[in-house]
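Engineer: sequence and computational prediction follow.
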Amino acid sequence: MAQTVSIILNSADRDRLDQIVGDRNCPLKHVQRAKIVLLSGDRLPVLEVARRAGVSRPAVWRWQQRFAEEGVDGLLRDKTRKPGTPPLPTPVVSRIVALTCSEPPGAVTHWTGRAMAKAFGISLRSIQRTWEIHRLQPHRPRTFKRSNDPAFAAKVEDIVASTWSRQLMPSSSRSTERARSRPSTELNPVPLKPGKCGTMTHDYKRNGTTTRVAALDVLHGIVVGRCMPKHRHQEFIKFLNAVERVVPAGKIVNAILDNYATHKHPKVLEWLADHPRRVFHFTPTSGSWLNAVENFFSVLTRKAIRRRAFTSVADLQDTIRVYIRKQNSDPKPFVWTKPAETILAKLRRLPEPAD
């Protein structure tokens with residue numbers, strides 16, 4: 001494409017083009033086109049017109065030709081283009097959605113985009129677009145575990161009510177962490193760099209274990225944590241005494257724990273009788289997710305432990321203590337958002353267990 005016309009402007013066209021350029025509400029593409037014609041009318045070279053208008057030389061030639069054919073009105077509208085790929089008919093979309101939610105043929109467990117595209121004779125992108133619109137993800141299953149605790153509903157309501165009371169320090173002590181290192185120094189985790197993610201070997205060497213014990217004050221977000229060699233009632237009582245020294249006197253403490261035998265040991269029950277301000281609330285079977293401190297354990301593992309190599313238990317314990325101190329330097333309150341009825345309603349939507 002090259003220049004084939006010479007722009008000659010009359011006063012009426014020039015005034016109208018000046019109005020377009022000076023109108024702050026006019027679309028940018030219209031302003032650029034008007035500038036191209038005005039500059040061309042001043043007999044400037046194409047390269048100079050392109051530079052001043054901020055466009056390419058083919059764009060200058062295109063709009064010079066359009067002005068010569070259709071005048072100023074031709075600059076204010078785009079030519080019609082061929083229509084793109086037509087959308088899938090509604091019956092086809094309905095069939096795709098229904099088939100996606102059904103069992104695929106053969107021994108495979110779920111539909112893939114390519115298998116679905118082959119079955120319908122359409123493009124993979126059309127299948128993906130339909131799945132996106134209807135929020136279908138056949139490749140991503142979600143796991144769940146139904147609690148078989150007969151008192152599940154009562155315990156959920158009790159824990160949620162205690163959490164909302166804001167006089168709570170949920171605690172858990174059933175978390176064991178291994179001190180792990182890689183087979184050699186060269187195989188320890190390698191940091192990421194541009195174009196390559198961090199790498200680490202899948203095998204590791206165990207260097208001992210420690211028991212993480214922590215209590216989370218949901219009102220202030222402060223964590224009281226200890227690392228202990230074992231998980232017996234002796235260690236648990238020692239931890240309870242540590243928490244008792246931290247909590248101000250005169251306040252009732254509602255503590256959430258899981259149904260672990262250590263938490264119900266006779267010695268623990270004796271300690272509880274001697275400390276009447278402490279009230280225990282036990283999570284139902286398979287319901288540890290109701291305990292807020294489990295979220296802290298999860299974050300601790302992901303951020304400070306999983307990718308790091310530890311040559312000894314002491315090294316692991318130092319890392320845990322440093323993380324807890326950092327957590328307590330900028331604590332954030334824990335806010336429970338779901339009422340008990342919402343949780344139980346989700347449970348009722350789950351399929352009934354097979355006999």
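Structural biologist: In hand now; what should we look at?

Engineer: going forward, measure contacts between C-alpha atoms and count neighbours the same way
Structural biologist: Will do.

Engineer: please name every helix or strand in contact with the helix or strand hosting I36.
Structural biologist: Using DSSP states H and E, I36 sits within helix 28-41. Packing contacts for helix 28-41, counted by 3 or more Cα pairs under 8 Å, 6 or more residues apart in numbering; DSSP states H and E, involve helix 11-22, helix 46-53, helix 57-70, helix 72-75.

Engineer: give the burial count for N241, as a bare number.
Structural biologist: Here the count is done by other Cα atoms under 10 Å, and N241 has 12 residues near it.

Engineer: hmm, I was thinking of D42
Structural biologist: A count of nearby residues for D42, using other Cα under 10 Å, gives 12.

Engineer: how far away is Y260 from F239?
Structural biologist: Separation of Y260 from F239 (Cα to Cα, to the nearest Å) stands at 15 Å.

Engineer: quick one, which of these two is more surrounded?
Structural biologist: More crowded of Y260 and F239, by other Cα under 10 Å: F239, with 21 against 14.

Engineer: correct me, but the more buried one touches R226?
Structural biologist: Yes: at 7.3 Å, F239 and R226 qualify as touching, with contact defined as Cα atoms under 8 Å.

Engineer: find the residues that touch each one of these two.
Structural biologist: Residues touching both F239 and R226 (Cα atoms under 8 Å, 6 or more residues apart in numbering) are V213.

Engineer: quick one: H281 is in a strand?
Structural biologist: Yes: applying DSSP: H, G, I helix; E, B strand; the rest coil, one finds H281 inside a strand.

Engineer: could I get the helices and strands packed on helix 28-41 in TSV, plus columns for mean neighbour count and mean pLDDT?
Structural biologist: Shown next, in TSV, are the helices and strands packed on helix 28-41 (neighbours: other Cα atoms under 10 Å; pLDDT from 0 to 100):
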stretch	mean neighbour count	mean pLDDT
helix 11-22	15	92
helix 46-53	16	91
helix 57-70	17	91
helix 72-75	16	91
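
Engineer: nearest to N328, out of those?
Structural biologist: Ranking these by proximity to N328 (Cα to Cα) places helix 46-53 first, at 58.1 Å.

Engineer: so where do the helices sit in the chain?
Structural biologist: 11-22, 28-41, 46-53, 57-70, 72-75, 90-100, 113-120, 124-133, 152-164, 233-246, 266-274, 292-300, 313-329, 340-349 (DSSP state H).

Engineer: what angle sits between the third one and helix 28-41?
Structural biologist: Counting by axes from the mean of the first three to the mean of the last three Cα atoms, to 10 degrees, helix 46-53 points 140 degrees away from the direction of helix 28-41.

Engineer: do the last one as well
Structural biologist: Per the same axes, to 10 degrees, the angle that helix 340-349 makes with helix 28-41 is 90 degrees.

Engineer: what residues are up against W111?
Structural biologist: By Cα under 8 Å, 6+ apart, W111 lies in contact with T100, E103, P104, P138, H139.

Engineer: now do the phi/psi pair for it.
Structural biologist: Backbone torsions of W111, given as degrees, to the nearest 10, read phi -80, psi 140.

Engineer: report how many residues lie close to P339.
Structural biologist: P339 - counted by other Cα under 10 Å - has 13 other residues nearby.

Engineer: for it, give its distance to L38.
Structural biologist: P339 is 67 Å from L38, by Cα to Cα.
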